[in-house]
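[1] Here is my input; please provide its structure:
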Amino acid sequence: MVRRDSAGAILSAGARGAAAAAVAQQRQRAEQQQRRLSRIGGHSRLRYRESEDYTAALTHVKEQQEAAAAERLRLAEEAAAQTRRQAEADQLAIDQLNADSAELVIANQGQWTAVLNGMRYVPVPGSERTTVQQERQDLTDILLNTMRAVIWNNTMGELHSQSTRQLQHDLNHNVKTLAAAVKVADNQLKQLDARIATLEARPPQAAPGCTTDMTDMTKQLNGRIDHVVNLIGDIRVFNGPDTISSTVAAIKTDITKLQTRPDAATKNFKMPQFTISKFDDYRPTL
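    This is a model prediction of the structure:
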């Protein structure tokens, strides 16, 4: 008995050792798997962070490119605007210079005309015009024609400017008149809308001259009419005449139909003989 117990104890101790070793191996494997998963997760997080950093860098570069493009566009627009303003200023200066020159020519028209006419060649009998005199004559004609063209152009420009100013004045006046008319019409529409809203919000009232008794009588009359209509039935299916004249016409039509029937021929009735002398001795009883 003692030996069997010792053997059983030895066997049990061996089994427990094997079980403990198996558990230790499983735990070790689990820890190894956990470490592997941790390393994998760390690598994944690292790659995710790198991806986020790359996306942020791309976004930043794109924003910088868009900002640079917008700045280039703004600078180009400013340069174009500056060029346009400079061209307008130059044109205004040229126009002002031309206007001043035209005014000067117009103011001294008589003087310049006299000077140029004095430069004309006066023919002398027995002599011919030299080349210098011919060129001077041509220059005089060109200057006179140019002066007349300048004066004419300036006169037409003044007339055009006056016409433009008058048209602008008329247009402004018409616009103001139309705006005032539109404002008046808008006010009238608002007043009409307010009046309609007031009438719609007002409780129903009796008609002018209609007292409460008349209203009650009207209600009673309407009730009686409804009662008669209910007794008659649906009025829409009533096929009788609608007016007195149509009723008379219908009666005449019926009489005509009766007169034209074959059995409506005239018949002679024989009246029995009546002797009144039979009643001579009649004495009423009192």
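[2] alpha carbons only for contacts and neighbour counts from here, please
    Fine.
[3] Give me the distance between Asn145 and Asn153.
    Note on Asn145: its distance to Asn153, by CA to CA, to the nearest Å, is 12 Å.
[4] same deal with Arg85?
    With distances taken as CA to CA, Arg85 is found 27 Å from Asn153.
[5] Now for the protein, the helix or strand with the poorest mean pLDDT.
    helix 244-259 (a mean of 69; mean pLDDT, DSSP states H and E).
[6] Can you tell me the closest non-neighbouring residue to Ile106?
    Using CA to CA, 6 or more residues apart in numbering and skipping the chain neighbours, the partner closest in space to Ile106 is Ile151 (6.2 Å).
[7] got a pLDDT number for Ser44?
    Reading off the confidence values, Ser44 has pLDDT 60.
[8] Can you classify Glu128 as helix, strand or coil?
    For Glu128, the assignment made with DSSP: H, G, I helix; E, B strand; the rest coil gives coil.
[9] Now it: phi and psi?
    phi -110, psi 160 (degrees, to the nearest 10).
[10] Quick check: which element contains Met147?
    helix 131-201 (DSSP states H and E).
[11] Averaged pLDDT, that helix. What do you get?
    On average, helix 131-201 scores 90.
[12] what's that helix packed up against?
    helix 2-107, helix 109-118 (3 or more CA pairs under 8 Å, 6 or more residues apart in numbering; DSSP states H and E).
[13] show me the residues around the residue nearest to Ile106 that make contact.
    102, 105-106 (CA atoms under 8 Å, 6 or more residues apart in numbering).
[14] Tabulate those residues in TSV, adding columns for distance to Pro203.
    Output for the contacts of Ile151, formatted as TSV (distance: CA to CA, whole Å):
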residue	distance to Pro203
Ala102	80
Val105	84
Ile106	82
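[15] Closest to Ala197 out of the residues you listed?
    Checking the contacts of Ile151 against Ala197 with CA to CA, the nearest one is Ala102 at 68.0 Å.
[16] how many neighbours does the spatially closest residue to the closest one that is not a sequence neighbour have?
    Leaving aside its chain neighbours, Ala102 sits nearest to Val150 (6.4 Å; criterion: CA to CA, 6+ apart). Applying other CA atoms under 10 Å, we find 19 residues neighbouring Val150.
[17] what does the one 10 residues further on give?
    Neighbour count of His160, defined by other CA under 10 Å: 12.
[18] before we move on, the earlier item: the helices and strands packed on helix 131-201: lowest mean pLDDT?
    Across the helices and strands packed on helix 131-201, helix 2-107 gives the lowest mean pLDDT, at a mean of 77.
[19] That helix versus helix 131-201: what angle between them?
    Counting by axes from the mean of the first three to the mean of the last three CA atoms, to 10 degrees, helix 2-107 points 130 degrees away from the direction of helix 131-201.
[20] And helix 2-107, what does it pack against?
    Using 3+ CA pairs under 8 Å, 6+ apart: helix 2-107 touches helix 131-201.
[21] got the angle for the helix it packs on vs helix 109-118?
    150 degrees.
[22] that older thread, out of the helices and strands packed on helix 131-201, flag the one nearest Arg224.
    The nearest among the helices and strands packed on helix 131-201, by CA to CA, is helix 2-107 at 86.0 Å.
[23] Can you report how many residues lie near Ala87?
    Ala87: 12 surrounding residues under other CA under 10 Å.
[24] what do you get for the one 10 residues further on?
    By the measure other CA under 10 Å, the count of residues near Leu97 is 12.
[25] cool, and the one 5 residues further on?
    Other residues within reach of Ala102 by the criterion other CA under 10 Å amount to 19.
[26] Pro123 in helix, strand or coil?
    The three-state label given to Pro123 by three-state DSSP is coil.
[27] Now it. Nearest residue, chain neighbours left out?
    Once flanking residues are discounted, Pro123 sits nearest to Arg129: 7.4 Å by CA to CA, 6+ apart.
[28] Next, that neighbour: phi, psi?
    The phi/psi pair for Arg129 (degrees, to the nearest 10) is phi -80, psi 130.
[29] Quick check: it vs Thr113, distance?
    In terms of CA to CA, Arg129 sits 22 Å off from Thr113.
[30] now swap in Ala180 and tell me
    55 Å.
[31] Which one's more surrounded, these two?
    Thr113 (17 against 12).
[32] Now do the contacts for that one.
    So Thr113 contacts Leu144 (CA under 8 Å, 6+ apart).
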